[in-house]
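[1] structure here, sequence nowhere to be found:
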């Protein structure tokens, strides 16, 4: 990037960058920042800048909080829209992929809290699924979907959320397929293991939870979450995302991948950039379909700190309860959309990552009331450094803070 381009970028305080800089490379553009970083938290910012540069990431966000206060809110990089480059803001929207699962888990917990759902209920009974192909399906309960012990193993069988072409061909239905098609195809197949016998991560299980939320509440999945979970917390930005760039929200960043795929949105066979039509975002809803910012996700995490307007203490205990099986050798387990383990302070550390073509996200709640979320507009691909290293990197930054600031940035962003 030329000196004048960099100067023009830095002077664009309103967030819109002149077309002069449209040739900015991602690694250079990622040094352009917005938001607030207190000097005491500079270690987080420096770690993010190094991580972004090493991976040639074009758009990223970071939010850090402690004891219910948002202390750091940062946007990194630029993106093009309508002939200009725009700075990534702390409030820009990103696909957060499987960070969506703890939202879905909380929605189920809330329905149980309100007396509308029995977590021990049979999923087949709730959704009217036939057990003819495999009678064991009757033993799949809501609890087991939440904790990934339902009987589906994407290492043994195709992940139904990423098998659009196979489902379309098998059912002889045109693309795009929908939730009903996915359920029909999967229900006609045998389970991969006895429900409750082991833990295996299942996107399909969380897709089914979305359908249960709709069936029990009488509302769309998105409407239920926005009205019953997010609105009471003053969180208004998150929404379900679209598949195509033309469907992007006005403040949504673009997504980058070197991979392509045949479109799953029609039967044309057109090869498309993987993040834009290579998978069907509406079908991902309860499993991985949300758009949000890092500050949104950190504030959302506060709902699990103590009883409040969304979840009572019983529901929070359920969210983090140990499953009937699946505690690993390191002592961690899977709750309702969260990985969980005991920490050294007598509490729980909870975390999750999210990954799909063009997206990587990480959210953690750790000891001493500290939480953080980082989101990126690409994920690990062949030839790029490990993206999961963001976990120890941010953990190290947190442990290096000498004195935590106390100014809450929430009024600036909500």
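    Great, that's in hand. Quantities reported herein were computed from a predicted structural model and do not represent experimental measurements.
[2] quick check: residue 292 vs residue 96, distance?
    5 Å (CB to CB, to the nearest Å). In short, each C-beta sits where N, CA and C put it, glycine included.
[3] same question, residue 195
    Counting by CB to CB - residue 195 and residue 96 are separated by 28 Å.
[4] comparing the two, which residue is more hemmed in?
    Neighbour count, other CB atoms under 10 Å: between residue 195 and residue 96, residue 96 has more, with 31 against 20.
[5] helix, strand or coil for the nearest residue to that one once chain neighbours are set aside?
    Nearest non-adjacent residue to residue 96, counting by CB to CB, 6 or more residues apart in numbering: residue 361, 4.6 Å away. Following DSSP: H, G, I helix; E, B strand; the rest coil, we place residue 361 in the strand state.
[6] what is the neighbour count of residue 361?
    29.
[7] that one contacts residue 376, doesn't it?
    Yes: in this structure, residue 361 is within contact of residue 376 by CB atoms under 8 Å, at 7.2 Å.
[8] which residues touch the helix or strand where residue 375 lies?
    Using DSSP states H and E, residue 375 sits in strand 370-376. Under the criterion CB atoms under 8 Å, 6 or more residues apart in numbering, residues 44, 48, 52, 55, 57, 59-66, 94, 96, 99, 293-295, 297-298, 301-302, 359-365, 387, 390, 394, 398 lie in contact with strand 370-376.
[9] can we see that at 6 Å?
    Identification of contacts with strand 370-376 by CB atoms under 6 Å, 6 or more residues apart in numbering yields 57, 60-66, 94, 294, 297-298, 301, 360-365, 390, 394, 398.
[10] in the protein, where is pLDDT below threshold?
    1-30 (pLDDT under 70).
[11] got phi/psi on the residue nearest the centre of the chain?
    Nearest to the geometric centre of the chain sits residue 99, at 2.5 Å (CA atoms, centre = their mean). Main-chain torsions, residue 99, degrees, to the nearest 10: phi -60, psi -20.
[12] which residues touch the residue lying closest to it once chain neighbours are set aside?
    In space, and not counting its chain neighbours, residue 99 is closest to residue 354: 4.4 Å by CB to CB, 6+ apart. Counting by CB under 6 Å, 6+ apart, residue 354 touches 96, 97, 98, 99, 361.
[13] tell me what residue 354 is bridged to.
    Beta-bridge partners recorded for residue 354 (DSSP bridges): residue 361.
[14] from residue 271, how far out is the residue lying closest to residue 270 once chain neighbours are set aside?
    Spatially, and ignoring its direct neighbours in sequence, residue 270 is nearest to residue 263 (4.9 Å; CB to CB, 6+ apart). Taking CB to CB as the measure, residue 263 falls 8 Å from residue 271.
[15] neighbour count: these two, which is higher?
    residue 263 (23 against 12).
[16] quick check: the more buried one vs residue 276, distance?
    On the measure of CB to CB, residue 263 and residue 276 end up 9 Å apart.
[17] what is in contact with those two at once?
    By CB under 6 Å, 6+ apart, no residue touches both residue 263 and residue 276.
[18] in the strand ranked longest in the chain, what's buried?
    Criterion DSSP state E: the longest strand present in the chain is strand 69-81. Buried residues in strand 69-81, counted by 16 or more other CB atoms under 10 Å: 69, 70, 71, 72, 73, 74, 75, 76, 77, 78, 79, 80.
[19] the fourth one - nearest residue in space that isn't next to it in sequence?
    The reference is to residue 72. residue 64 (3.9 Å).
[20] confirm that neighbour sits in a strand?
    Yes: Residue 64: assigned to a strand according to three-state DSSP.
[21] report the contact partners of the nearest residue to residue 153 once chain neighbours are set aside.
    In this structure, residue 153 finds its nearest non-sequential neighbour in residue 192, 3.8 Å apart by CB to CB, 6+ apart. Neighbouring residues of residue 192 by CB under 6 Å, 6+ apart: 152, 153, 156, 157.
[22] got these as JSON lines, with distance to residue 183 and neighbour count columns?
    Output for these, formatted as JSON lines (distance: CB to CB, whole Å; neighbours: other CB atoms under 10 Å):
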{"residue": "152", "distance to residue 183": "12", "neighbour count": "25"}
{"residue": "153", "distance to residue 183": "18", "neighbour count": "16"}
{"residue": "156", "distance to residue 183": "19", "neighbour count": "10"}
{"residue": "157", "distance to residue 183": "15", "neighbour count": "15"}
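[23] could you count how many residues lie near residue 329?
    Neighbour tally, residue 329, other CB under 10 Å: 5.
[24] okay, and it sits in which element?
    Assigned by DSSP H and E, residue 329 falls outside every helix and strand.
[25] hang on, isn't residue 237 packed against residue 295?
    No: counting by CB atoms under 6 Å, residue 237 does not reach residue 295; the two are 8.8 Å apart.
[26] those two: who's more crowded?
    For the pair residue 237 and residue 295, the greater number of neighbours falls to residue 295 (30 against 17), based on other CB under 10 Å.
[27] list the residues that contact the closest residue to residue 353 other than its chain neighbours.
    Leaving out its chain neighbours, the residue that sits closest to residue 353 by CB to CB, 6+ apart is residue 362, at 4.9 Å. Taking CB under 6 Å, 6+ apart, we find residue 362 in contact with 353, 374, 390.
[28] OK, contacts around the last one?
    Counting by CB under 6 Å, 6+ apart, residue 390 touches 362, 374.
[29] can you give me phi and psi for it?
    phi -60, psi -30.
[30] quick one, helices of the stretch 201-350 of the chain?
    203-217, 221-224, 285-288, 294-301, 313-319 (DSSP state H, counting those that start in this stretch).
[31] the ones you listed: which one's closest to residue 103?
    helix 294-301 (7.2 Å; CB to CB).
[32] for that closest one, which positions count as buried?
    Buried residues in helix 294-301 (16+ other CB under 10 Å): 294, 295, 296, 297, 298, 299, 300, 301.
[33] just the residues contacting that helix, thanks.
    61-63, 65, 70, 73, 90, 235, 237-238, 363, 365, 371, 373, 375, 413.
[34] distance from the chain centre to it, please.
    11 Å (CA atoms, centre = their mean, to the nearest Å).
[35] quick revisit: adjacent strands (with direction) for the longest strand of the chain?
    strand 33-36 (antiparallel), strand 59-66 (antiparallel), strand 84-87 (antiparallel).
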